[in-house]
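Provided below are the primary sequence and the corresponding predicted coordinates.
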Amino acid sequence: MSTITLDGLEPGSRAIIKGFAANGPARRRMAEMGLCPGTEIVTLRRAPLDDPIEFQVRGYNISLRKAEAASIIVEIKEG
Amino acid sequence: MVQEINIALIGNPNVGKTSLFNALTGSRQHVGNWPGVTVEKKTGERRHQGSTIKITDLPGTYSLEARSPDEKVANAHIMSGHPDVVVQVVDSTNMERNLYLTTQLLDMGQKVVLALNMSDMADARGDRLDLKAFSKGWGVPAVRISATRGEGLEDLLDTIISTFKDRSVPSPAVNFGAEIEGNISEVEAMLRSGGAGGTSPRWTAIRLLEGIEKVEEATADAGLRAKLTAALEGVDRDEVEMDLVDRRYVAITSLLDRTYVRGSEKRSLSDAIDRVVTHKYLGLPIFLTMMWGLFELTFTAAQPFVSAIGLGFEWLAAFVVENVQPDWLASMLGDGAIAGVGSVLVFLPNILVMFLLIALLEASGYLSRAAFIMDRIMTKMGLHGKSFIPMLLGLGCNVPAIMATRTIEDEKSRLITILSAPYISCSARLPVYVLLAGIFFPDNAGTALFLLYLLGIVVAVGSALLFRHTILKSETSPFIMELPPYRLPRLKNTILQMWDRGSMYLRKAGTFILAGAIIVWLLASLPWGVEYGSEESLVGAIGHLIEPFLAPLGFDWRIGVALVFGFIAKEIVVGSLGVLYGAVEGAGLEEAIALSMSAPSAAALMVFVLIYTPCVAALAAIRKETGSWKWTLFSVVYSLILAYIAAFIVYQVGLLIW
Amino acid sequence: MTESNNKSALISAAMGLAFIAMGLLEMAAVVIDPSVEIMLYLSSGGNILLALVLLFTGVVLLNAAMRFRNGTDGEAFLVVGCMLALFVGLVVSLTLAASATEAYLFGSEDFVDWSLADDFTPAIPMMIPSLAVLLSALRSFRSTAQEPAA
């Protein structure tokens, strides 16, 4: 099990959110949208210019910029 | 006696709240403005079983605790408006995130009814919900509906009424754990004893603990303030914040685990389309194709209507001039009011078509994909993913461009887009370019036009970057956006939305323009008996007044006057030049201009027209969209200064070259 | 490669080539003298942007054809390709309708010499096969098709 940030994941990967690396208003906003520690998040695809990135979480699709995704620490779900 | 029930309609964006509102209120709705904010306020009513239900549609929000203007409005309304019942529209296929809002409403002590919308889609997917257990779980009645199919509405209305009559007090859905609940109770008690906290001391206590509300806002009483400040000291706001969010979701998961089973998701069409639409190489061209279509339809397909309206106004003006006595009144109406208002109302078809297309794109879900694709480019330019469409529309007309910025939720990005968009050369300026380029640069007319458009884009992007890094400095605003599944837009709702926005344009622009046109007419006609628009009139006086300022740019008094008229609507510039030179448009005017202007001054004039203050209609749109005179004024001043400097440089350099 | 994939690949390729052809014709119309009568019906008078859009639609459809041969996600590209085809056809039709209105109903001076052929392009009748193909392609998603809402 490796610990990395959300922006580094390949499309198709599943991961569990572990926590946030930085403070800031975005952190709260993301949490309210359902990105809490313990939540499963799937990386779907990247925009044509590589940024932002689309994820699936709690049953819906959300897009985050790389910068925001970089502040979310995750653990890849093996298997 | 007719009973009146006040309800507020709330819900996440994209859940079909508007559909429900339309379905419940039909034509009995009214659109206005929340005081001090640009967000629209919709109210309507519905009779049911002898009661009159008054419905206020709140802006779509994900949470009532965050800091965006939409959320503040929603929160403020519930706290001060005291709705009897809050009806939350929920997307049945996506319940977890939707229920977050519900937990907050319960903390506010509000009676809530859940309208589980899109239940037909949930059924199609094979979802199974134990409605009874679900409603019992948090004590919140839930009704399954499909707003677009009109199903379940009667049930919903019945439930609203019975909830209204129900005397039991709603209880919070979430237990935040011993420590935090302890803190909440403590603060709550203080608020109660001090008579503060409004209808929901618990909610106020929570907001104080999270730091969303300041102690000063909660009460004016110094003693209470001191007590509260002491109690709040040592509370780690960030910890509390995250903890609260976390626990809400824990409660949501627990409720859903007990009562809900999600259907299996096989290959979805929406996802398939997305694979193509956001494809690495095909994504951008698809976007450009959509924009091409939008453009063509707005400015070409709507043309006949534009011509029709134009003809109508011409006829009306002629009729008035012939049949109205006395002469001055005929002139004021014909040359002033009708010509002025007409030149702006002529845009109405373009604007309606644009609004219709944007509403369709929004409802289908494509707009969020467009923002997704364009975000990176836009950010590099100091803008936002959703800024692209307004910028593109600016090529046709700045007014719909400015109004299209509504899709940008982030305040600062939106403001920057609004202030930068006017520099994209709109179609109204084209006649001036064509006229001058034709006279002074006949062999390079095409290139001249191209350069002007390019300059417009450069100025727009440059201004955006300037604003982003100086006066509107902010850390790059986050781009957290939901991408809802693609849906087939409902025609009725889309048309209603188009009409909503279109009629506002009509009202506001109409009043400004009418006033402006009459003023210009007055200036051109006074003192009495003077030849319309000649040197002896007031407008001529003004022209001579500003002439010295315009001399360094190579402009004479006539140009000055034409520019002043251009303030009303840029199309008028060429026509005014015709009036001022006493020449007929076409060969006559061209000769007159060729004689009195030079190549450098012509170039300078084109640049000036490109950049100087947006026309009154655009300013009215800016005023409306920003809700502030300050920024509108800023736009005028900034563009005038920029235009002056640019034209000056062009003229002086031009003198050297030619 | 399955039978139906084969068929789909063929249809996509055929449509794709048709759009590429239309795009090229439109490009040609930019340089060729419009008095060549056949050109009038085959293109809309040399609109570069339209040409690019037509070419691109063709590209998407050809892409779909390729993917049917590989067995990777051809349906998605076919669906989007058909939607694009419909979209383009619609835009062109409405533009034509607008011009017709200006010419016949209003007798605007800009449109005195206008005739139906000026704005007509094969993209308009192409909407019919595009719609047919789209509906049949959508069937492969039917079991989880998103229904109209919002």
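Arrived safely. Numbering: from 1, shown residues only, chains lettered A, B, ... in the order given.

Per-residue pLDDT of the residue most central in space within chain B, please?
Among the residues of chain B, the one closest to the centroid is B:R406, at 2.4 Å (CA atoms, centre = their mean). Turning to B:R406, the model gives it a pLDDT of 74.

Ignoring the adjacent residues along the chain, who's closest to it?
Leaving aside its chain neighbours, B:R406 sits nearest to B:E625 (7.0 Å; criterion: CB to CB, 6 or more residues apart in numbering or on different chains). In this view, the C-beta of every residue, glycine as well, is placed from N, C-alpha and C.

again, but for B:Y651
Per CB to CB, 6+ apart, closest to B:Y651 is B:A604, 3.8 Å.

Let me see the ranges of the helices in the chain.
All of this is about chain A. A:25-32, A:66-69 (DSSP state H).

nope, chain C please
Counting by DSSP H, the helices of chain C are C:3-31, C:37-42, C:48-70, C:74-100, C:116-119, C:127-138.

Between those helices, which one is closest to B:E217.
Nearest to B:E217, of all these, is helix C:74-100, at 50.6 Å by CB to CB.

any idea how far the residue in the stretch 301-450 of chain B that chain A sits nearest to lies from B:G394?
Nearest residue of the stretch 301-450 of chain B to chain A (CB to the nearest CB) works out as B:R376 at 4.2 Å. Look at B:R376 and B:G394: by CB to CB, to the nearest Å, they are 21 Å apart.

Reformat the helices of chain A into CSV and put distance to A:I41 and mean neighbour count next to each item.
What follows is the helices of chain A, written out as CSV (distance: least, CB to CB, whole Å; neighbours: other CB atoms under 10 Å in any protein chain shown):
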stretch, distance to A:I41, mean neighbour count
helix A:25-32, 10, 21
helix A:66-69, 10, 20
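
Mind checking those helices for the one nearest to chain C?
That would be, of these and by CB to the nearest CB, helix A:25-32, which comes in at 23.2 Å.

Which of the helices of chain C has the lowest mean pLDDT?
Mean pLDDT is lowest for helix C:37-42 among the helices of chain C, at a mean of 66.

ok, back up a step: got the helices of chain C as CSV, with distance to B:K570 and mean neighbour count columns?
Putting the helices of chain C into CSV (distance: least, CB to CB, whole Å; neighbours: other CB under 10 Å) gives the following:
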stretch, distance to B:K570, mean neighbour count
helix C:3-31, 30, 18
helix C:37-42, 36, 14
helix C:48-70, 25, 22
helix C:74-100, 24, 22
helix C:116-119, 29, 18
helix C:127-138, 38, 16
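
hmm, back to that, let me see the contact set for the residue nearest to B:R406.
For B:E625, the contacting residues are B:38, B:402-403, B:405-406, B:414, B:418, by CB atoms under 8 Å, 6 or more residues apart in numbering or on different chains.

any idea which of those residues is least confident?
B:T38 (49).

Name the surrounding residues that touch stretch B:458-478.
The contact list for stretch B:458-478, computed with CB under 8 Å, 6+ apart, reads A:24-26, A:29-30, A:64-65, A:67-68, B:379, B:381-384, B:391, B:394, B:410, B:412-413, B:415-417, B:419-424, B:610-611, B:638, B:642, B:646.
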